[in-house]
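K.L.:
Predicted coordinates and the sequence they were generated for:
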Amino acid sequence: MSRSKKPVDQVEGNITKEEREKRRELEEKMNSRLGRDKIRPPTWLDDEGKKMFRHLVKQMEKTELLTNLDVTALATYCDLHARRLVLLEDVRQNGTRFVNSNSRGGVTHVANPALTQLNTTIKLLKAYEASFGFTVYDRTRIALKDEKAEEEDEFGGEFD
């Protein structure tokens with residue numbers, strides 16, 4: 001299986017200026033075709049998920065990166081966020097461990113299943129956060145890539 005294509009501004013390695021410009025034009029052409037008219041929370045999201053969805057869309061409006069294709073992934077992130085809140089409340093109320101009595105009168109301590117689900121949910125949230133650039137690290141990485149692309153053409157193509 002081959003690697004997925006990166007946006008041209010994130011490509012490192014050997015690529016000619018002509019190839020870079022051609023890929024940039026193709027990316028812009030493709031992005032201009034993608035609609036932004038249906039970026040609304042899906043009906044299957046609960047109230048907390050819809051609230052988070054609207055908040056994130058508002059925060060990301062200025063970037064103009066979100067398209068209709070991103071709605072499902074963003075909604076899934078918001079659903080995970082809502083699930084995280086429910087699981088966190090369960091852990092707060094019931095603790096991280098349960099005391100279990102067995103048939104012979106022995107006592108064992110078992111982890112709260114909500115804690116395991118919470119940890120899994122947090123891992124999934126982190127993966128989505130990286131995909132959408134929600135973390136400082138991911139935004140910095142994107143900004144550095146943009147800055148690097150501007151530095152490459154510092155002389156405005158005078159020496160081509």
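P.N.:
It's in.

K.L.:
For stretch 58-78, measure first residue to last.
P.N.:
Length of stretch 58-78, first residue to last, CA to CA, to the nearest Å: 14 Å.

K.L.:
in it, what counts as buried?
P.N.:
Within stretch 58-78, the residues scored as buried using 16 or more other CB atoms under 10 Å are 60, 66, 70-71, 74-75, 77-78. Bear in mind the C-beta positions are built from the backbone N, C-alpha and C, glycine included.

K.L.:
give me the low-pLDDT residue ranges for the chain?
P.N.:
Applying pLDDT under 70 to the chain flags the ranges 1-14, 27-34, 36, 139, 141-160.

K.L.:
Regarding Leu74, which helix or strand does it belong to?
P.N.:
Per DSSP states H and E, Leu74 falls inside helix 71-94.

K.L.:
right, and Leu124 touches Asp79 too?
P.N.:
No. Between Leu124 and Asp79 there is no contact under CB atoms under 8 Å: 10.1 Å.

K.L.:
So which of the two has more stuff around it?
P.N.:
Under the neighbour definition other CB atoms under 10 Å, Leu124 and Asp79 were set side by side, and Asp79 has more, 21 against 15.

K.L.:
Skipping adjacent residues, who's closest to the more buried one in space?
P.N.:
Distance criterion CB to CB, 6 or more residues apart in numbering; nearest residue to Asp79, sequence neighbours excluded, is Gly49 at 4.9 Å.
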